[in-house]
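Asks: okay, sequence plus prediction incoming.
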Amino acid sequence: MRAAVLTRFGAPLTVREVPDPEAGGGEVVVEVLAAGVAPYAAEVFGGRRNYPLVPPVVPGVGGVGRIVHVGPDATRLRVGDLVWCDSTVRSRDDALTPDITLQGWSSRGEGGARLARYLHDGSFAELMRIPTENVFLLPVAAADDPARWAALTVHAISYGGLLAGGLAAGETLLVSGATGNLGSSTVAVALAMGAGRVVAPGRNQSALDLLADRFGPRLRPVPLTGDEATDRAAMSAAADGPIDMVIDLLPPSAPSSASRAAAMTVREYGRVVLMGGVGMLGGDDLSLPYPWIMRNSITVRGQWMYPRTANVGIIRLLASGAVDLGPERVRSFRLDAVNDAIAYAAAHGGPFDRTSLTPSAGSRQHCETRVHAEERAQPKPGAG
């Protein structure tokens, strides 16, 4: 098969032939129809984000695909099924605190690194091997535009953060980082979940205008000045009532003061969910005041990615149209143009801008032949 390979940090990805992946027990092999390209992918591959990838590696985080091989322990998945491949892989030998790796992207701790050494390669390839429990059936309609559905990479993270904070219908949510690629997704998902009001602070006025035009009066845009006290007062005023929950999605380049200003708008007994990258590349710590947290009974929690069940929930929201993929601006690239896709994503990281790689587009006939061969090889029902 052909794949885009990161040979070393700072070098362009190289498209070349690599061995086809082989599935063992508890795994499937998927033909990758579309994989999302993150706006910060150039920072990862350039080494700026210091991600624990070990070159040579096929990168890529999640994707839409069609199953070409299932392991013997799969009971419902079938060759030919259209599926979402979730890159958030958890170890199977510790149910309480599983190690986690983002297949083809990142990992956490030594346990996650060990997992990444086994599930090394991601979705920037014609074929991908992935654990069975990380594969989720998609509606038939997703086959009409897999590149658009590849935005599941973003929306699943948003949904996971909102679940972590226990967002309830009618509540007021503040999204810190609302004008970014992930933050704008969180706004859309929160409103689909029934948020009564979403406060959206940001410095990009055109992005704030886009959010306001799309979502109407339930969306409360707040232009930020950079002064912590001024911005905190403006965010609180825009809510026109208590803020039940704050979710922070700011990138590593953002100052901790911006996260703190947003977090401290939450009401007594409110919740703060931290999902961004503040402090990951240096800079001041968040430093929330201990007395404020204690006396106001504030819940502060971190959330990296999302539980497996979030995949089912976000797919249902998309399939129902509650989260509308139609208005999203999607640009697709063939596998040979992977470096163009990375550059385009870096330049188009605003609200509802999506960049997709379509690895199997040039080899569809070959993959269909493979699917048919797998189907013929499967035992017929009742065959002994």
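Replies: On my side now, so go ahead.

Asks: contacts and neighbour counts: CA atoms only from here.
Replies: Will do.

Asks: secondary structure element holding residue 229?
Replies: helix 228-239 (DSSP states H and E).

Asks: okay, buried residues for that helix please.
Replies: 228, 231, 232, 234, 235, 236, 238, 239 (16 or more other CA atoms under 10 Å).

Asks: just curious, which of these is nearest to residue 286?
Replies: Set against residue 286, the nearest of the buried residues of helix 228-239 by CA to CA is residue 228 (12.8 Å).

Asks: against residue 149, how distant is residue 161?
Replies: Remark: distance between residue 161 and residue 149 (CA to CA, to the nearest Å) = 20 Å.

Asks: same check on residue 93?
Replies: From residue 93 to residue 149 the distance is 32 Å (CA to CA).

Asks: the two: who's more crowded?
Replies: residue 149 (27 against 9; other CA atoms under 10 Å).

Asks: quick check: the nearest residue to the more buried one once chain neighbours are set aside vs residue 356, distance?
Replies: Nearest residue to residue 149, sequence neighbours excluded (CA to CA, 6 or more residues apart in numbering): residue 142, at 6.4 Å. Distance of residue 142 to residue 356, computed by CA to CA: 14 Å.

Asks: likewise residue 239?
Replies: Remark: distance between residue 239 and residue 356 (CA to CA) = 35 Å.

Asks: for residue 48, same thing?
Replies: To residue 356, residue 48 is 22 Å away according to CA to CA.

Asks: who has more neighbours out of the two?
Replies: Higher neighbour count among residue 48 and residue 356: residue 356, with 28 against 13, using other CA under 10 Å.

Asks: who does the strand or helix carrying that one pair up with?
Replies: Using DSSP H and E, the element containing residue 356 is strand 353-358. Sheet pairing of strand 353-358 (DSSP bridges) gives strand 27-36 (antiparallel), strand 329-334 (parallel).

Asks: which of those strands sits most buried?
Replies: With neighbours taken as mean count of other CA atoms under 10 Å, those reach their highest mean count in strand 27-36, at a mean of 28.

Asks: tell me the helix or strand right after that strand.
Replies: Scanning onward from strand 27-36 (DSSP H and E), the first element met is helix 41-45.

Asks: that next one - contacts with which helices or strands?
Replies: The elements that helix 41-45 packs onto, with contact taken as 3 or more CA pairs under 8 Å, 6 or more residues apart in numbering; DSSP states H and E, are helix 338-347.

Asks: can you give the contact residues for the helix it packs on?
Replies: 4, 12-13, 37-42, 332-333, 354-357 (CA atoms under 8 Å, 6 or more residues apart in numbering).

Asks: show me just the buried residues among those residues.
Replies: For those, a burial check counting by 16+ other CA under 10 Å picks out 4, 12-13, 37-42, 332-333, 354-357.

Asks: from those, which is closest to residue 294?
Replies: Nearest to residue 294 among those, counting by CA to CA, is residue 40 at 36.0 Å.

Asks: count of neighbours near the nearest residue to the closest one once chain neighbours are set aside?
Replies: In space, and not counting its chain neighbours, residue 40 is closest to residue 346: 6.1 Å by CA to CA, 6+ apart. For residue 346, the neighbour count with other CA under 10 Å is 18.

Asks: for stretch 61-81, measure first residue to last.
Replies: End-to-end distance for stretch 61-81: 20 Å, by CA to CA.

Asks: check the offset of it from the chain's centre.
Replies: Relative to its chain's centre, stretch 61-81 lies at 20 Å (CA atoms, centre = their mean, to the nearest Å).

Asks: quick check: mean pLDDT across it?
Replies: The predicted model assigns stretch 61-81 a mean pLDDT of 95.

Asks: go ahead and name everything in contact with that stretch.
Replies: With contacts defined as CA under 8 Å, 6+ apart, stretch 61-81 is touched by 23-37, 82-87, 102-105, 122-123, 132, 137, 146-147, 149-150, 153, 367, 370-371, 374-375.

Asks: contacts only, for residue 293.
Replies: Residues near residue 293 by CA under 8 Å, 6+ apart: residue 299.

Asks: alright, that wraps it up for me.
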